[in-house]
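Undergrad: Next comes the sequence, and after it the predicted model I'd like to discuss.
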Amino acid sequence: MKLWKLTQTEKRGRDTFESIVVSAETEEDAKNMHPYHNWPLNSWQLGWRTWASSPANVTAEYLGEAREGMPVTWICESFIGS
């Protein structure tokens, strides 16, 4: 499992996610994750105001290897609040 920092510049300003850190096996898997990934609704539609509108607008930076047994998950976020 790898650690990735995801950033987006499509949505900026108040009440937006600037970046998130996730664990995923591949860059593609990481870029398909979303700050609202645990919500039951379609996350890409739900987060249209707060995060990029599609994985194509997300940049993934490889940070390193995760600890053994780490699940695929969203670890932390940088949110620009009001």
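TA: Structure received. The structure displayed is predicted, hence computed values, not measured ones.
Undergrad: Could you pull out the strands in this protein for me?
TA: Using DSSP state E, the strands of the chain run over 2-7, 16-24, 59-65, 73-80.
Undergrad: Which among these is found nearest to T50?
TA: Of all the strands of the chain, strand 16-24 sits nearest to T50, with 5.2 Å by CB to CB. Any C-beta I mention is one placed from the backbone N, CA and C, and that applies to glycine too.
Undergrad: Residue ranges in the protein under the pLDDT threshold?
TA: Applying pLDDT under 70 to the chain flags residues 36-48, 82.
Undergrad: mind redoing it with 50?
TA: 39-41 (pLDDT under 50).
Undergrad: As a markdown table, the strands of the chain with distance to T50 and mean neighbour count would be great.
TA: Below are the strands of the chain laid out as a markdown table (distance: least, CB to CB, whole Å; neighbours: other CB atoms under 10 Å):
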| stretch | distance to T50 | mean neighbour count |
| --- | --- | --- |
| strand 2-7 | 13 | 20 |
| strand 16-24 | 5 | 20 |
| strand 59-65 | 17 | 13 |
| strand 73-80 | 8 | 13 |
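Undergrad: would you turn the ones you listed into JSON lines with distance to N32?
TA: Shown next, in JSON lines, are those (distance: least, CB to CB, whole Å):
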{"stretch": "strand 2-7", "distance to N32": "10"}
{"stretch": "strand 16-24", "distance to N32": "8"}
{"stretch": "strand 59-65", "distance to N32": "10"}
{"stretch": "strand 73-80", "distance to N32": "12"}
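Undergrad: so which of these gets nearest W51?
TA: Using CB to CB, the nearest of the strands of the chain to W51 is strand 16-24, at 4.9 Å.
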